[in-house]
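Asks: Just to be clear, the model below is a prediction. Sequence and coordinates:
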Amino acid sequence: MYDTIIIGGGLSGLAAGIRLAMYDRRVCILERHTTIGGLNSYYWLGGRLYDVGLHAVTNYRPKGTKRGPLARVLRQLRISWDELHLSEQLGSLVSFPGVQLEFSNDLALLESQVASKFPRQIDGFRRMVASLKDYEELDLTSSGPSAREMLASYLDDPLLVDMLLCPLLYYGSARERDMDWCQFQIMFRSIYCDGLSRPAEGIKIILKTLTRKYKSLGGELRLRSGVQRLITAGDRVTGVVLEDGTVLEASQVMSSAGWFETAQMCDPPLPCKTDEAGQLTFVESITMLDRQPRDFDFHKTIVFYNDSDRFDWKKPDGLVDLRSGGISAPNNFAYDEPLAEGAVRVTSLANFDRWRELPVDEYRRQKQICYEAMVAAAVRHVPNFRPYAKATDVFTPTTIRRFTSHANGAVYGSPQKRYDGRTPLKNLFLCGSDQGFVGIIGAMVSGLSMANAHCLSELAKTDVQPVVPS
Amino acid sequence: MTTAEIREEIIDILENIAPDEDLGGLKDDVSFREQLSLDSMDFLDIVMELRKRWRVQVPEEDYQNLRSMTSTVTYLEPKMRDLKRA
């Protein structure tokens, strides 16, 4: 019998687990795969370590910062700033037809770019930035108005609205065409005000740090332990059945599997409409290089590009939408030592159903075609890296589906977030992307705040058990 | 525990909560919120640590007493004076 079973050994599940184990809860994290990480994981191929989700860690703040999501994560998980090994980005770019906006970890650069490229919009831009609420002030009890509607009250040039939204949608919107205004405020701060960073070793170092912490506190982690179903009785969950038939009982279950996915796992299933499952997913191509990007004048950390008149953030009809993408160079962060190998990653929107329907041989062939097309689209916006390729890989929506268990391989989960983490069952809660926070730091905030809200805050109110004489 | 020992214990808890913080210059009469930017989640940790380490219970309506070091020590003194440090 566990106090809490956590479904999913990703960043949110590990963060929740650390909080609960810290206060002596009997907690068990169940991870379906042989490695932890979920959406943000890593894999070995041809002797190389590849990251799955991580382009950059948003919410960067220098050591000693007391406020904001990074400070919250460090405090709540009792991790020191140095343990995350974060190095800052060198500078990024939003590249649209005929106009480019540079941004860095200093908002002043973006502001000066808006002033010079969109002089008529700069006053509205400044008013919009001044109106942004602090993370702590945001009301996350409902999804609220749309970001596009709110932005229209400050900016009347749709091109600038599209350009500002592009990186934010790419790094966290489960909603087509738009995002919630409260999400916009969080993401704007995370990316444009705080900024981008990355550990030289990639996501692995963060996952290892969390796992070590969790285990040192007595938390139990079970790999290869997929949950087949949740056992319910009335309005409560009483335990889980694993795929191998093992039954585990728990007073509480916290699931990072997604709302739609968790509802389906319940026996009987909880009512949940199919449109509550997300649709937005990616294809990502990875090119390993025989030199560093800077050796051929590629200095940007991330380039978000769009080639069409309007930036279209929606599920494409075809396998992939090459009209926009995110191009990331993991080498272009201010590390103490350069990374051993150069790499460029290109991410574009994709259609899960189209990929899933492909027969095995055709799937492999399309991956190769898609790789070539993505790289061809990318090199219109960044220096040509094709001549330096020495290894490549592609992952698709079906790969993402396999590693996250999210329906449709939806990277950022459901478009309708459940910010309070509650479900119709009184002791079943959500954490992770469907609770509402995305990104590396966001996922950890989700896990720890749900553990606090639904377990520790309640526990603090209960009577202390008297010491049993030994 | 004496009030000095209770203060040391609180410092130890704060060091745990904020490992990157230098607590040497902590002012006892200024709020933790102001000096250390502690928020409600951090106060939950102080409450949980007291519970875990000393089985001291702080009811929700008393959380306001944990404002500063002085108010915290004053509040905890009757609850902790009979406890012995190991």
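Replies: Arrived safely. Residues are numbered from 1 along each chain as shown, chains lettered A, B, ... in the order given.
Asks: Domain boundaries for chain A, per the record?
Replies: Chain A breaks down by automatic domain parsing into domains covering A:2-86+A:202-276+A:412-459, A:90-194, A:279-404.
Asks: which one of the ones you listed lies closest to B:Met1?
Replies: Closest to B:Met1 of those is domain A:2-86+A:202-276+A:412-459 (C-beta to C-beta; 22.0 Å). Where C-beta positions appear, they are placed from N, C-alpha and C, glycine not excepted.
Asks: The closest one close to chain B?
Replies: Yes - with C-beta under 8 Å from any C-beta of the partner chain as the measure, domain A:2-86+A:202-276+A:412-459 is seen reaching chain B through A:22-24, A:63-64, A:66-67, A:71-72, A:74-76, A:78-81, A:448-449, A:452, A:456-457, A:459.
Asks: Quick one: buried ones out of these?
Replies: For these, a neighbour count by 16 or more other C-beta atoms under 10 Å in any protein chain shown gives the buried set as A:22-23, A:66, A:71-72, A:74-76, A:78-79, A:81, A:448-449, A:452, A:456-457, A:459.
Asks: A:Val253 should be in a strand, yeah?
Replies: Yes - assessed by DSSP: H, G, I helix; E, B strand; the rest coil, A:Val253 belongs to a strand.
Asks: hang on, the earlier thing: give me whichever of the domains of chain A is most buried.
Replies: With neighbours defined as mean count of other C-beta atoms under 10 Å in any protein chain shown, these peak in mean count at domain A:2-86+A:202-276+A:412-459, which reaches a mean of 21.
Asks: Give me the nearest residue to the one residue in chain A that gets nearest to chain B, chain neighbours excluded.
Replies: Closest approach between chain A and chain B, counting by C-beta to the nearest C-beta: A:Lys66, at 3.7 Å. Spatial nearest neighbour of A:Lys66, excluding adjacent residues (C-beta to C-beta, 6 or more residues apart in numbering or on different chains): B:Ser37 at 3.7 Å.
Asks: A:Arg75 is in contact with the one you found, correct?
Replies: No - with contact defined as C-beta atoms under 8 Å, B:Ser37 does not reach A:Arg75; the gap is 9.4 Å.
Asks: All the helices of the stretch 151-300 of chain A, residue numbers only.
Replies: All helices of the stretch 151-300 of chain A, identified by DSSP state H, counting those that start in this stretch, fall at A:158-170, A:181-188, A:203-216, A:259-265.
Asks: who wins for proximity to A:Val382 among these?
Replies: Closest to A:Val382 of these, according to C-beta to C-beta: helix A:158-170, at 15.1 Å.
Asks: Report the rounded mean pLDDT for that closest one.
Replies: Averaged across helix A:158-170, pLDDT comes to 97.
Asks: Check stretch A:290-302 too.
Replies: 97.
Asks: Could I get the contacting residues of residue 60?
Replies: Answering for chain A, as no chain was given. Residues near A:Tyr60 by C-beta atoms under 8 Å, 6 or more residues apart in numbering or on different chains: A:Leu70, A:Leu86, A:Glu88, A:Gln89, A:Asn105, A:Asp194, A:Gly195, A:Leu196, A:Ser197.
Asks: That was the other one, I meant chain B.
Replies: Residues near B:Glu60 by C-beta under 8 Å, 6+ apart: A:Ala460, A:Lys461.
Asks: what's the answer for A:Tyr335, then?
Replies: Neighbouring residues of A:Tyr335 by C-beta under 8 Å, 6+ apart: A:Ser87, A:Ala200.
Asks: same deal with A:Ser449?
Replies: Taking C-beta under 8 Å, 6+ apart, we find A:Ser449 in contact with B:Met41.
Asks: make it 10 Å
Replies: A:12, A:15-16, A:19, A:72, A:76, A:140, A:421, A:431, A:435-437, B:41 (C-beta atoms under 10 Å, 6 or more residues apart in numbering or on different chains).
Asks: Widest-spaced pair of these?
Replies: A:Arg19 and A:Leu140 (18.5 Å).
Asks: distance of the residue nearest to A:Lys66 from A:Glu136?
Replies: To A:Glu136, B:Ser37 is 10 Å away according to C-beta to C-beta, to the nearest Å.
Asks: Find residues that contact each of the two.
Replies: Common neighbours of B:Ser37 and A:Glu136, using C-beta under 10 Å, 6+ apart, are A:Arg67, A:Gly68, A:Arg72.
Asks: Give me the secondary structure label for the closest residue to the last one other than its chain neighbours.
Replies: If I follow you right, that is A:Arg72. Spatial nearest neighbour of A:Arg72, chain neighbours left out: A:Val445 (6.1 Å); criterion: C-beta to C-beta, 6+ apart. Of the three states, A:Val445 takes helix under three-state DSSP.
Asks: thought A:Val445 was touching A:Ser433?
Replies: No - A:Val445 is beyond contact range of A:Ser433, at 11.8 Å (criterion: C-beta atoms under 10 Å).
Asks: Overlap of the contact sets of those two?
Replies: Common contact partners of A:Val445 and A:Ser433 (C-beta under 10 Å, 6+ apart): A:Ser12, A:Gly439.
Asks: So which bits of chain B are right by chain A?
Replies: With C-beta under 10 Å from any C-beta of the partner chain as the criterion, chain B meets chain A at residues B:16-22, B:35-45, B:47-52, B:54-60, B:63.
Asks: Of those residues, which count as buried by neighbour count?
Replies: By 16+ other C-beta under 10 Å, the residues of chain B next to chain A give B:17-18, B:21, B:35-39, B:41-45, B:47-51, B:54, B:56, B:58, B:63 as buried.
Asks: Keep only those of those residues that are in helices.
Replies: B:17, B:35-36, B:41-45, B:47-51, B:54 (DSSP state H).
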